[in-house]
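Peer 1: Here is a sequence with its predicted model. Questions after.
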There are 2 protein chains.
Amino acid sequence: MGEVTDDRIDAEEPADLPRSMVDRTLLILGTFQNKQRRQTLSEISRATGLPIATSYRIVQRLAEWGALEKDANGRYYIGLRLWEVAALAPQPSQLQRVARSYMQDLFEATGHAVHLAIRDGLDLVSVERFHAGRRPAPRPIVGGRYPMHASAIGHVLLAYAPYKVREEVLSQPFERFTSRTLTRRADVESVIERVRHVGYAICDRHVDELHCSVAVPVYGQSGAVIAALSVAFTDREVNPLAQVDLVMVTARRISLLMKSGGKMRGVPGAL
Amino acid sequence: MGEVTDDRIDAEEPADLPRSMVDRTLLILGTFQNKQRRQTLSEISRATGLPIATSYRIVQRLAEWGALEKDANGRYYIGLRLWEVAALAPQPSQLQRVARSYMQDLFEATGHAVHLAIRDGLDLVSVERFHAGRRPAPRPIVGGRYPMHASAIGHVLLAYAPYKVREEVLSQPFERFTSRTLTRRADVESVIERVRHVGYAICDRHVDELHCSVAVPVYGQSGAVIAALSVAFTDREVNPLAQVDLVMVTARRISLLMKSGGKMRGVPGAL
């Protein structure tokens, strides 16, 4: 199996660009991010390093298929057809479907922001969240990717990650968000060991100067941890320890439902 | 701007296959559907018509990037990374975020299935739904695509679609699902004219032999209809007309929130 090549690769292209058109297509899709939801052709070209003519050819085809759409200002954004196809991704769609009504119940019962995330590689990916519109930033966005060392939900995911993943995360530098963010390997290590012992994580103002959060694991069919659920609050009067049981009960319900393949109760949706 | 070609196109390939690798990549992604969520390489090759070697090369690159993932049985499914990128699609993500808590309220208040859909081209695309696990099939799935002539939610979307779209839908043959499905152009036309007049649609067993549904429009910032909301029930004792007000109140709340850009009340999530 050789390399797929493109006979129209321009002579002046930098050598480190992928030669495969499939990779170039994915490179373009990957430039769309939370803070770059809409991009002009020149922005896409700049972000990818691909010549504008090459970017144009690929973007045209993506737009024709519906993977991208173009707004009145000539900016491209992720199209409905790609969203339709991606909605078939089994893990987030099943978790969302199963967890949603329980998360909403927890949100309404506590008034706290409720967040569900899974691990992907060395990061956590936000799968679902409920919170009040008045909640101060930063807010995790669904589909957003965040480091694991800085939050309770990340500590839970890290605590139950395979040894190899844990080692890899622990051997990398930790970004500091506040004065309380754990940035030393030994501190992160001892915290996640404690999480494995007690079954929950608490982080008080590790991500920003406002939020305290409490997170617990969610288990899947095989009995392995497949996700983590957290509540976050800014009220200094709230005792984090008093939240643990409530979050655990909700996580246990989601786990039970995930184990039964999502076939219980009046839950939203069905595949 | 010429055609992007692939210098490894096999001699025995059928002539009607796209020559562009971008198109071939999208062709492969497009074979993943609700009833084809997991596919082997041979299934992908068969569904696309692409030679197995070509399919293999593209699938490998898609898997390397994370657009596809492979399960223990060697079947590919849509990967988390594509889901992350696609979660940036502005229309469905904003609608889901804004409508979700109101839909859940309506579901809990009525016990009926609640469904939100938008129009894309000549079809409707399901954006969000809440319903009891016990609800009989068929169930719309999020990201699923359905014809507009056969359901109340479709009639609303069709009634407020641009003239050109309406004409195109009306000039095509209508698939029959039950003995009550409207399949004559004149019937669909008069029904959607009535929808524009009264502001809601009712379909009793047009999609299957069980469900009656009531749908109303949802308006966006510009005052145009951007989506439709419906409830569906199987209980013959329920008077559809008695449901109209409740669905309308919910749709009005969602419309108000969409107009204000989603910045009100304790709604789930924020972009």
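Peer 2: That came through, no problem.

Peer 1: Low-confidence bits of the stretch 1-150 of chain A, can you list those?
Peer 2: A:1-12, A:133-139 (pLDDT under 70).

Peer 1: which residue sits closest to A:Leu124, ignoring its sequence neighbours?
Peer 2: A:Ala117 (4.5 Å; CB to CB, 6 or more residues apart in numbering or on different chains). The C-beta positions use only the backbone N, C-alpha and C, and glycine is treated the same way.

Peer 1: Quick check: phi and psi on that neighbour?
Peer 2: Torsion angles at A:Ala117 (phi, psi; degrees, to the nearest 10) stand at phi -140, psi 150.

Peer 1: OK, contacts around it?
Peer 2: By CB atoms under 8 Å, 6 or more residues apart in numbering or on different chains, the contact set of A:Ala117 is A:124-127, A:140, A:146, A:153-154, A:157, A:227-228, A:230.

Peer 1: for A:Arg24, same thing?
Peer 2: Contacts of A:Arg24 by CB under 8 Å, 6+ apart are A:6, A:17-18, A:48, A:50, A:54, A:58.

Peer 1: Wasn't it part of a helix?
Peer 2: Yes - remark: A:Arg24 belongs to a helix, assigned using DSSP: H, G, I helix; E, B strand; the rest coil.

Peer 1: where do the helices sit along the stretch 1-150 of chain A?
Peer 2: A:21-30, A:41-48, A:52-65, A:80-86, A:90-110 (DSSP state H, counting those that start in this stretch).

Peer 1: which residues in the stretch 51-200 of chain A form strands?
Peer 2: Assigned by DSSP state E, counting those that start in this stretch, the strands in the stretch 51-200 of chain A fall at A:68-70, A:76-78, A:113-120, A:123-130, A:145-147.

Peer 1: quick one: strands adjacent to the third one?
Peer 2: The reference is to strand A:113-120. Partner strands and pairing direction for strand A:113-120 (DSSP bridges) are strand A:123-130 (antiparallel), strand A:225-233 (antiparallel).

Peer 1: Out of those strands, which one sits most buried?
Peer 2: Highest mean neighbour count among the strands paired with strand A:113-120 (mean count of other CB atoms under 10 Å in any protein chain shown): strand A:225-233, with a mean of 26.

Peer 1: Just checking the distance from the helix or strand just after that strand to the centre of its chain.
Peer 2: Using DSSP states H and E, the helix or strand that follows strand A:225-233 in sequence is helix A:240-259. Taking CA atoms, centre = their mean, to the nearest Å, the mean C-alpha location of helix A:240-259 is offset from the chain mean by 20 Å.

Peer 1: Which other helices and strands does helix A:240-259 contact?
Peer 2: Applying 3 or more CB pairs under 8 Å, 6 or more residues apart in numbering or on different chains; DSSP states H and E, we find helix A:240-259 packed against helix A:90-110, strand A:201-204, strand A:212-219, strand A:225-233.

Peer 1: what about the residue in the stretch 101-250 of chain A positioned nearest to chain B, how many neighbours?
Peer 2: As assessed by CB to the nearest CB, chain B sits closest to A:Gly143 within the stretch 101-250 of chain A, at 2.9 Å. By other CB atoms under 10 Å in any protein chain shown, 22 other residues sit near A:Gly143.

Peer 1: Fine, thanks again, bye for now.
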